[in-house]
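Peer 1: Structure of the sequence below:
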Amino acid sequence: MCGRYYVDDETAREIERVIRQMEERRRQESMMAVRRIRAKDVCPTEAALVLAGEGNAIACQWQRWGFPGFQDKRVIFNARCESVREKALFCDSIRHNRIVIPAAWFYEWNKRKEKNRFYQKGSSVLFMAGCCRQYEDGVHFVILTTRANASMKPVHDRMPLILEESEITSWIFHEKRAEEMLHKIPRLLERRSDYEQLSLF
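Peer 2: Prediction:
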């Protein structure tokens, strides 16, 4: 489950570092997109910066988080790695429109409704796997989730599919390699809670 994440100036600087190797025109366009980032929590239905394929190169784009739902206008903002290739809503997107969502960290709440922040030690950005599709009002994306690893299990049984920086290009452009990544166990993350509730025994 991933229902909120955070971006800030450090996230923007790390994205700029990633895109410096682009050819000049795409680099300038992507830098302009990155400069729109403001430090904030990103929630479903909001526009956010993603890394996507344009031709044979990676570029920064602004897309809206969440596919329009079928009932009561609810938004579908996550897709399960285990079933994403079989679900009609996602199958075309996961084959042809894979993206990467950069974030400083993401949030998850435990059963006591305590908010926990998960981040990557030694790095100011983590990369979440996603896919997107075109709607009348623009391009929308979802974040892929997988079974929780050991660092996540105390809080929740699901977590975003976290990619290494070295996997970004393969995830976006190579379907076979991306299919293999759907089964990977993400690296362990650090956790910080704003409030640790005391339990009485």
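Peer 1: Any stretches of the protein with poor pLDDT?
Peer 2: Applying pLDDT under 70 to the chain flags residues 1, 21-26, 72-73, 194-201.
Peer 1: pretty sure V18 contacts L163?
Peer 2: No: if you go by CB atoms under 8 Å, V18 and L163 don't touch, sitting 12.0 Å apart. For every residue, glycine as well, the C-beta is placed using N, CA and C.
Peer 1: neighbour count winner among these two?
Peer 2: L163 (24 against 19; other CB atoms under 10 Å).
Peer 1: wait, isn't that one in contact with I101?
Peer 2: No: taking contacts as CB under 8 Å, L163 lies outside contact range of I101: 9.7 Å.
Peer 1: what's the overlap in contacts for these two?
Peer 2: F127, M128, A129 (CB atoms under 8 Å, 6 or more residues apart in numbering).
Peer 1: Any buried residues in stretch 93-101, and which?
Peer 2: S93, I94, N97, R98, I99, V100, I101 (16 or more other CB atoms under 10 Å).
Peer 1: Format those residues as TSV; extra columns: secondary structure and distance to E54.
Peer 2: Formatted as TSV, the buried residues of stretch 93-101 follow (DSSP: H, G, I helix; E, B strand; the rest coil; distance: CB to CB, whole Å):
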residue	secondary structure	distance to E54
S93	helix	16
I94	helix	18
N97	coil	12
R98	strand	13
I99	strand	11
V100	strand	13
I101	strand	16
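Peer 1: Which of those residues sits closest to G55?
Peer 2: Distance to G55 across those (CB to CB) is lowest for N97, with 13.7 Å.
Peer 1: ok, what's across the strand from the closest residue to that closest one other than its chain neighbours?
Peer 2: The shortest distance from N97 to any residue other than its chain neighbours is 4.9 Å, reached at C132 (CB to CB, 6 or more residues apart in numbering). Beta-bridge partners recorded for C132 (DSSP bridges): F141.
Peer 1: Please list all residues in contact with Q63.
Peer 2: A47, A48, V50, A52, I99, C132, G138, V139, H140, F141.
Peer 1: Same question for V125.
Peer 2: E10, T11, E14, I15, P102, A103, A104.
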